[in-house]
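Participant: sequence unknown, structure follows:
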């Protein structure tokens, strides 16, 4: 067994404010911002990244807490998973606290940050489906000032960070309503998600919002399933659903996120004179079918817990 020490960055800057961090990034276009470093150091150790300079964000106190603003919570990008998992934060945004507690072993939760989870945009990022379901937005700080974009646009690659920009805050609406997060892993205990589901109830707008993580490069929103199940809920009453409706919702979400393959025409061939399968004869591989059943189970349970 051999180990290789990562190549050290030539310059390490430790700004004390968000504006100083932006100035440092603008002055060193090749610099990489780093907070907890859980994803960045994994990339360095695997040889995928060799940063010429680092801008450390650990001393910027303004992005390590949160504040209330116009019915929203303005969360600093430097909030760690461990901090978000505490009871006071869980009372504020329960689903995000549950995702933070599920983010991994203690050493990862103590170091990893909300902003890092978003910036790395790993498909298995636990916070990402929660932020998508909450329809959160990002406050981006850069040389030209600050701008706000929906988190979904960044994760989908529709909006990108410009040179010198970094995520400063995450703006999350405070719904004061039930919300849940569940994930499945390939092993017992903390681990990377094979699938995850966030469900958020929005009684004021009579909406159910759902996002599925880890099954695609970005969180998926099954809008048709959301609208269908919201129409079944008695928002002025007990907000209960029959078990059959919960099961149907789970199947609806899973089929939307992991659809069946398109049918192959009966007269299609492979170019060598061999007929291919006709409509209805093709199916998903067993592993994909298992994943779809996992998503269905998570969605059903998540909505059931939110309604309970």
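Facilitator: Looks like it arrived, so ask away. Nothing here was measured: the structure is a model prediction, and the numbers come from that model.
Participant: the helices in this protein, which residues?
Facilitator: For the chain, applying DSSP state H gives helices covering 18-27, 38-45, 81-84, 87-92, 94-101, 106-111, 114-120, 127-134, 151-155, 223-232, 243-257, 286-307.
Participant: what does the third one rub up against?
Facilitator: Residues lying outside helix 81-84 but in contact with it, judged by CB atoms under 8 Å, 6 or more residues apart in numbering, are 64, 89, 93, 96-97, 100-101, 103-104, 106, 108-110, 112-114, 117. C-beta coordinates here come from the backbone N, C-alpha and C atoms, glycine included.
Participant: 7 Å instead?
Facilitator: With contacts defined as CB atoms under 7 Å, 6 or more residues apart in numbering, helix 81-84 is touched by 89, 96, 97, 100, 103, 109, 110, 112, 114.
Participant: right, and the fourth one touches residue 85 too?
Facilitator: Right, residue 100. Yes - counting by CB atoms under 7 Å, residue 100 does reach residue 85; the two are 4.4 Å apart.
Participant: Which neighbours do the two have in common?
Facilitator: In contact with both residue 100 and residue 85: residue 109, using CB under 7 Å, 6+ apart.
Participant: So which of the two has more stuff around it?
Facilitator: residue 100 (28 against 18; other CB atoms under 10 Å).
Participant: Contacts only, for that one.
Facilitator: Per CB under 7 Å, 6+ apart, neighbours of residue 100: 81, 84, 85, 109, 127.
Participant: Kindly reformat these as TSV containing distance to residue 136 and pLDDT.
Facilitator: Formatted as TSV, these follow (distance: CB to CB, whole Å; pLDDT from 0 to 100):
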residue	distance to residue 136	pLDDT
81	16	95
84	13	97
85	18	96
109	20	92
127	9	96
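Participant: So, low pLDDT: which residues of the stretch 101-250 of the chain?
Facilitator: 188-190 (pLDDT under 70).
Participant: residues in contact with stretch 288-301?
Facilitator: So stretch 288-301 is contacted by 182, 184, 194-195, 197, 210, 212, 215, 246-247, 249-251, 253-254, 257-258, 284 (CB under 7 Å, 6+ apart).
Participant: Equivalent analysis for stretch 198-214, please.
Facilitator: 95, 123-124, 128-130, 132-135, 175, 177-181, 193-197, 219-222, 225-226, 229-230, 235, 253, 257, 295, 299, 302-303, 306.
Participant: Could you tell me the end-to-end distance of that stretch?
Facilitator: Across stretch 198-214, the terminal residues are separated by 12 Å (CA to CA, to the nearest Å).
Participant: List the buried residues of it.
Facilitator: 198-202, 207-214 (16 or more other CB atoms under 10 Å).
Participant: same check, this time on stretch 244-253
Facilitator: Residues 245, 246, 247, 248, 249, 250, 251, 252, 253 are the ones in stretch 244-253 that count as buried (16+ other CB under 10 Å).
Participant: picking up where we left off before, mind putting the buried residues of stretch 198-214 into a markdown table with distance to residue 18?
Facilitator: Below are the buried residues of stretch 198-214 laid out as a markdown table (distance: CB to CB, whole Å):
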| residue | distance to residue 18 |
| --- | --- |
| 198 | 28 |
| 199 | 33 |
| 200 | 29 |
| 201 | 34 |
| 202 | 31 |
| 207 | 33 |
| 208 | 35 |
| 209 | 30 |
| 210 | 33 |
| 211 | 28 |
| 212 | 32 |
| 213 | 28 |
| 214 | 31 |
